[in-house]
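Asker: model this:
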Amino acid sequence: MTPITILGAGVSGLTTAVLLIEAGYPVRILSREAPEMTTSAVAAAIWFPYEAEPVNMVNRWSTESYHIFQQLSDQAGTGVSMADFLVLSRPGHNDSWKDELPSAAVRLATRAELPPGFELGYVAKVPLAETPVYLPYLLERFLSQGGQLNVQEVKEVDSLLQQGHIVVNCTGLGARQLFGDLDVYPIRGQVVKVAKTPGVRTMVHSLVKGQLAYIIERSGDIVLGGTDYDHNYEFDTSEEDTRLILQRCQDMEPHLGTPAILGAVAGLRPKRFAIRCERETGRNVIHNYGHGGAGFTVSWGCAEEVLRFL
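Answerer: Sure, this is the predicted structure:
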């Protein structure tokens, strides 16, 4: 089989690498950053198709990923579990993300479950991937099949193509420079990690741009988010953003109280007008990037799309 070089070791690169090597292809990953240094490593990583287009394809990829994550949740050591997720909405909002889920996996929230000021929401049983466990799991699964990961920056792809490799581009924002795609841009996201507090529910309010709020309980902490600042390249965390995140989450979930802050991190989500998951015409390059805030959510579905291009 034709050798494959995957560029990027975030969740998209690792997932694609696992799927392709288990399909029998010789695969290596070249990445400027180790997996634990990527944006994927700081993501809250709960299943929810946020800030990704086109909706019909995102819903299909999300559903395909949902079923694989559900299987992984039954296996020890993956870092994946199934969580009850309160998704706040409003009448007329596009909630088509739920339509292809198993009927038992989603229901209308009762009025008692809704925070003050909300009249509509859904409680969905969705996958949650704890990145400190899940990313190493993917990497080990890849390496155990004979895969290779080299941490090195790639500045051009022609030499790889001349060697007879198929190149799969999972570089996210790196596609701006490496492939000249000026349509991909960052959405800066900051999260705050706090100590666990009894009674706090996992939920999201993503209805108003610039006022994103979510609470995600993990095994050892709670992740509070977030920010969604378009075209912002700032990696450093902001005390003002931490204050705003805490305020929005406290308003949404009174049980949160005044939690003990464990730390804050920021990352740059790679956003595009539409996810680019396609094969180039005329050369052996397949693209898989621009997933916005849905990188984990569509990861397996997009990887399967890449496999179909081979």
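Asker: Only C-alpha atoms from now on, for both contacts and neighbour counts.
Answerer: Fine.
Asker: pLDDT score for residue 26?
Answerer: Here the pLDDT value assigned to residue 26 is 98.
Asker: Spatially nearest residue to it (excluding sequence neighbours)?
Answerer: residue 3 (5.0 Å; CA to CA, 6 or more residues apart in numbering).
Asker: Now do the same contact list for the one you found.
Answerer: Counting by CA atoms under 8 Å, 6 or more residues apart in numbering, residue 3 makes contact with 25-27, 164-166.
Asker: Out of these, give me the one that has the most neighbours.
Answerer: residue 27 (27 neighbours; other CA atoms under 10 Å).
Asker: wait, that one sits on residue 148?
Answerer: Yes. Using CA atoms under 8 Å, residue 27 makes contact with residue 148 at a distance of 7.0 Å.
Asker: about what we covered before: let me know the closest of the contacts of residue 3 to residue 240.
Answerer: Residue 240 lies nearest to residue 27 out of the contacts of residue 3, by CA to CA, at 43.3 Å.
Asker: tell me the contacts of the closest one?
Answerer: 3-6, 17, 20-21, 147-148.
Asker: now residue 10
Answerer: 35, 38-41, 170.
Asker: Among the residues you listed, which one has the most neighbours?
Answerer: residue 170 (27 neighbours).
Asker: ok, and for the helix ranked longest in the chain, which residues are buried?
Answerer: With secondary structure taken from DSSP state H, the chain has its longest helix at helix 55-72. Neighbour-count burial for helix 55-72 flags 55, 57-67, 69-70, 72 (criterion: 16 or more other CA atoms under 10 Å).
Asker: quick one: which of these is nearest to residue 93?
Answerer: Nearest member of the buried residues of helix 55-72 to residue 93, counting by CA to CA, is residue 55, at 13.1 Å.
Asker: on that earlier part again, please identify which of the contacts of residue 3 is nearest to residue 79.
Answerer: Using CA to CA, the contacts of residue 3 come closest to residue 79 at residue 27, 24.0 Å.
Asker: For residue 274, which non-adjacent residue is closest in space?
Answerer: residue 53 (4.6 Å).
Asker: So that neighbour: helix, strand or coil?
Answerer: coil (DSSP: H, G, I helix; E, B strand; the rest coil).
Asker: That one - how many residues pack around it?
Answerer: Here the count is done by other CA under 10 Å, and residue 53 has 20 residues near it.
Asker: Quick check: it vs residue 196, distance?
Answerer: 34 Å (CA to CA, to the nearest Å).
Asker: Likewise for residue 86?
Answerer: 18 Å.
Asker: what about the two, which has more around it?
Answerer: The residue with more neighbours, out of residue 86 and residue 196, is residue 86; 25 against 18, by other CA under 10 Å.
Asker: is it true that residue 218 touches residue 130?
Answerer: Yes. With contacts counted by CA under 8 Å, residue 218 reaches residue 130, the gap being 7.1 Å.
Asker: Have a look at these two and say which one is more surrounded.
Answerer: More neighbours surround residue 130 than the other of residue 218 and residue 130, with 21 against 17 (other CA under 10 Å).
Asker: re earlier: filter the contacts of residue 27 to the buried ones?
Answerer: 4-6, 17, 20-21, 147-148.
Asker: Can you name the two of those that sit furthest apart?
Answerer: 20 and 148 (12.8 Å).
Asker: my guess is residue 50 is in a helix, correct?
Answerer: No. Residue 50 is assigned coil when assessed by three-state DSSP, not a helix.
Asker: distance of the closest residue to residue 131 other than its chain neighbours from residue 246?
Answerer: The shortest distance from residue 131 to any non-neighbouring residue, by CA to CA, 6+ apart, is to residue 41 (5.6 Å). Distance, residue 41 to residue 246, by CA to CA: 21 Å.
Asker: One more: residue 136?
Answerer: For residue 136 relative to residue 246 (CA to CA), the value is 30 Å.
Asker: one step back: output the contacting helices and strands for the longest helix of the chain.
Answerer: strand 80-89, strand 120-129, helix 299-309 (3 or more CA pairs under 8 Å, 6 or more residues apart in numbering; DSSP states H and E).
Asker: count of residues packed around residue 37?
Answerer: So residue 37, with other CA under 10 Å, has 12 neighbours.
Asker: confidence score at the residue nearest to residue 274?
Answerer: Residue 53 is given a pLDDT of 91.
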